[in-house]
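Student: could you look at this predicted model? Sequence included:
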Amino acid sequence: MRILLLGGNGQVGYELHRSLAPLGEMTVTTRNGVLPDGGACEVLDMYAPETFAAVLDRVMPDVVVNATAHTAVDRAEDEPELAFLANAEAPAELARLCAMRGATLVHYSTDYVFDGSGVGPYREDDRTAPLGVYGASKLAGEQHIQASGASHLILRTAWVYATRGNNFLRTMLRLGGERDELRVVADQRGGPTPAWLIADVTAQILAGGIRASGVRHLVAEGETTWHGFAEAIFEEACARGLIARSPRVVPIRTDEYPTRARRPAYSVLETCLLQVEYNLVLPDWRAALATTLAR
Ligand SMILES: NC(=O)C1=CN([C@@H]2O[C@H](COP(=O)(O)OP(=O)(O)OC[C@H]3O[C@@H](n4cnc5c(N)ncnc54)[C@H](OP(=O)(O)O)[C@@H]3O)[C@@H](O)[C@H]2O)C=CC1
Ligand SMILES: Cc1cn([C@H]2C[C@H](O)[C@@H](COP(=O)(O)OP(=O)(O)O[C@H]3O[C@@H](C)C(=O)[C@@H](O)[C@H]3O)O2)c(=O)[nH]c1=O
């Protein structure tokens, strides 16, 4: 299998580079042609979709895995054109090129396509209604891919973290080292999901073959709030001797932590479809956090 992996510098892209390597011949791209270890790779800029055809002609992939995205949720509110270019128009062009070449596109989307008014875990076909530019641009990306005619798999995930990159886990550990007390919202519920899990499941799916095109939910099991996640981070990090002491983590309401973008109050994703279709057992979010820190 010839794989073209886009975004080898991101949290998920970095883990995919590891997990997809055994599946075949892999070409990795980053925005600047440099991998996290300093090595060279192909250049691919999501802001320049007109350059994609040349890369696909050179690599001739069977599968394109797109781990790039404009993921700065608050900044997206101030630069919607860039968010839509990277998250909607670029994926649309990728899907168009994949359809023409008979290649499969694997793409990632987000729980922020929902408005958070749900009362139970969201299923794949539940009504979408993003609250902000990031979610709206990701939803547009999903829709372009689904309309393209390309064989595809869109994996919606949520609250992604890793021991590298920009994410809530690293923000908490950094702030916890600087302050005695952190104030964290306790009225937004979701499913923290480590990048390694997304990458491992993607590899498992590709190894066995994609069963059907469409959207599937991929998150760790269970649910918590950002406050619950923060407390668990400090408990696990302390237990493993990664930090000497924990700050006090004070639960607050969303309106006490104003941000540029609105975020869904509830964005837990139902994963039954994916687990049954691919015979998977997804770990609980808390166990997945412990595994991440143990690594
Ligand atoms: N992070 C999260 O909490 C969640 C993420 N997702 C989705 O999962 C996928 C992976 O996200 P994640 O790994 O967390 O994101 P990261 O922000 O860690 O990585 C995104 C990658 O996209 C690259 N990128 C951004 N703009 C461009 C561009 N113009 N040209 C080329 N590359 C670009 C970045 O490159 P550079 O390093 O050069 O900036 C970076 O490597 C995305 O589709 C995201 O929407 C879904 C739910 C939650
Ligand atoms: C740093 C911090 C954040 N918060 C809140 C703000 C926000 O409501 C919540 C999460 O903050 P962040 O900005 O880290 O996370 P955010 O950028 O909203 O994370 C999202 O990223 C995109 C890419 C996704 O697709 C989503 O699934 C989700 O993971 O925690 C606090 O309450 N206290 C704090 O000290």
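Tutor: It's in. Ligands and ions are numbered 1, 2, ... in the order given.
Student: hey, let's count contacts and neighbours off CA atoms from now on
Tutor: Fine.
Student: quick one, phi psi at Lys138?
Tutor: With angles defined as degrees, to the nearest 10, Lys138 sits at phi -70, psi -40.
Student: does the residue nearest to Glu235 when sequence neighbours are not counted belong to a helix, a strand or coil?
Tutor: Excluding the flanking residues, the one nearest Glu235 by Cα to Cα, 6 or more residues apart in numbering is Ser246, at 7.6 Å. Following DSSP: H, G, I helix; E, B strand; the rest coil, we place Ser246 in the coil state.
Student: tally of neighbours for Ser246?
Tutor: 19 (other Cα atoms under 10 Å).
Student: so it sits against Phe234, correct?
Tutor: Yes: the criterion here is Cα atoms under 8 Å, and Ser246 meets it with Phe234 at 5.8 Å.
Student: contact residues of the stretch 101-250 of the chain facing ligand 1?
Tutor: Applying Cα under 6 Å from any ligand atom, we find that the stretch 101-250 of the chain lies next to ligand 1 at Tyr108, Ser109, Thr110, Thr157, Ala158, Trp159, Val160, Gly165.
Student: for these, which one is nearest Leu182?
Tutor: Trp159 (18.8 Å; Cα to Cα).
Student: residues contacting that closest one?
Tutor: Phe168, Gly190, Gly191, Pro192, Thr193 (Cα atoms under 8 Å, 6 or more residues apart in numbering).
Student: cool, and His70?
Tutor: Ala76, Leu82, Ala83, Ala86, Asn87, Tyr134.
Student: make JSON lines from those and add pLDDT, neighbour count and secondary structure to it.
Tutor: Formatted as JSON lines, these follow (pLDDT from 0 to 100; neighbours: other Cα atoms under 10 Å; DSSP: H, G, I helix; E, B strand; the rest coil):
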{"residue": "Ala76", "pLDDT": "98", "neighbour count": "21", "secondary structure": "helix"}
{"residue": "Leu82", "pLDDT": "98", "neighbour count": "17", "secondary structure": "helix"}
{"residue": "Ala83", "pLDDT": "98", "neighbour count": "26", "secondary structure": "helix"}
{"residue": "Ala86", "pLDDT": "98", "neighbour count": "24", "secondary structure": "helix"}
{"residue": "Asn87", "pLDDT": "98", "neighbour count": "28", "secondary structure": "helix"}
{"residue": "Tyr134", "pLDDT": "98", "neighbour count": "28", "secondary structure": "helix"}
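Student: got a list of what Asp200 touches?
Tutor: The neighbours of Asp200, taking Cα under 8 Å, 6+ apart as the test, are Leu16, Ser19.
Student: what about it, which helix or strand?
Tutor: helix 195-208 (DSSP states H and E).
Student: can you name the next helix or strand after that helix?
Tutor: strand 214-217.
Student: re earlier: nearest to ligand 1 among the contacts of His70?
Tutor: Using Cα to the nearest ligand atom, Ala86 is the member of these that sits closest to ligand 1, with 5.9 Å.
Student: look up how far His70 lies from the closest one.
Tutor: Going from Ala86 to His70 by Cα to Cα, to the nearest Å gives 6 Å.
Student: before we move on, what about Leu169?
Tutor: In this view, Leu169 and His70 are 19 Å apart by Cα to Cα.
Student: and Thr225, by the same measure?
Tutor: Distance of Thr225 to His70, given as Cα to Cα: 24 Å.
Student: same deal with Ser213?
Tutor: Applying Cα to Cα to Ser213 and His70 gives a distance of 24 Å.
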